[in-house]
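> no FASTA, just this:
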């Protein structure tokens with residue numbers, strides 16, 4: 001009887017540690033949806049980010065933790081299905097000559113404004129933004 005309780009607790013603890021994405025949409029789907037959108041439009045689509053980080057030259061990167069997953073056959077088998085943090089960089093309109101400090105009007109930086117990082121960070125360092133690119137050792 002005690003073995004079954006211990007086994008049940010072990011199975012429960014193992015399943016509780018697994019991550020699940022907050023969104024049902026894959027990273028590739030989200031990347032297409034937010035392309036060219038303003039910060040206000042992205043926030044309406046995805047909800048508020050978990051963090052906002054100012055970058056050089058006045059841009060800003062927003063991160064949604066454990067938000068999506070890498071789906072589709074184009075991703076390597078070892079990362080396919082993995083939950084990732086969604087990272088979107090917004091370009092300051094003042095740098096492109098449009099002026100204004102209203103962050104709601106900032107747009108997703110193109111072409112590489114949408115990226116991701118792995119939650120565990122250690123064994124799975126961030127991949128290049130272009131999934132077809134191979135990194136050398």
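That came through, no problem. Fair warning: this is a prediction, and the values are worked out from it, not measured in the lab.

> for this structure, what spans make up the helices?
Ranges of helices within the chain are 2-17, 27-34, 39-46, based on DSSP state H.

> residue ranges with poor pLDDT in the protein?
1-18, 94-101, 121-137 (pLDDT under 70).

> hmm, 50 instead?
7-16, 122, 124-137 (pLDDT under 50).

> buried sites along stretch 37-57?
Within stretch 37-57, the residues that qualify as buried are 37, 38, 39, 42, 46, 49, counting by 16 or more other C-beta atoms under 10 Å. C-beta: built from backbone N, CA, C; applies to glycine.

> in TSV, list those residues along with distance to residue 56.
TSV is the format used below for those (distance: C-beta to C-beta, whole Å):
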residue	distance to residue 56
37	22
38	21
39	18
42	21
46	24
49	19
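
> list the beta-bridge partners for residue 114.
Beta-bridge partners for residue 114, by DSSP bridges, are residue 88.

> surely it and residue 33 touch.
No. Taking contacts as C-beta atoms under 8 Å, residue 114 lies outside contact range of residue 33: 9.5 Å.
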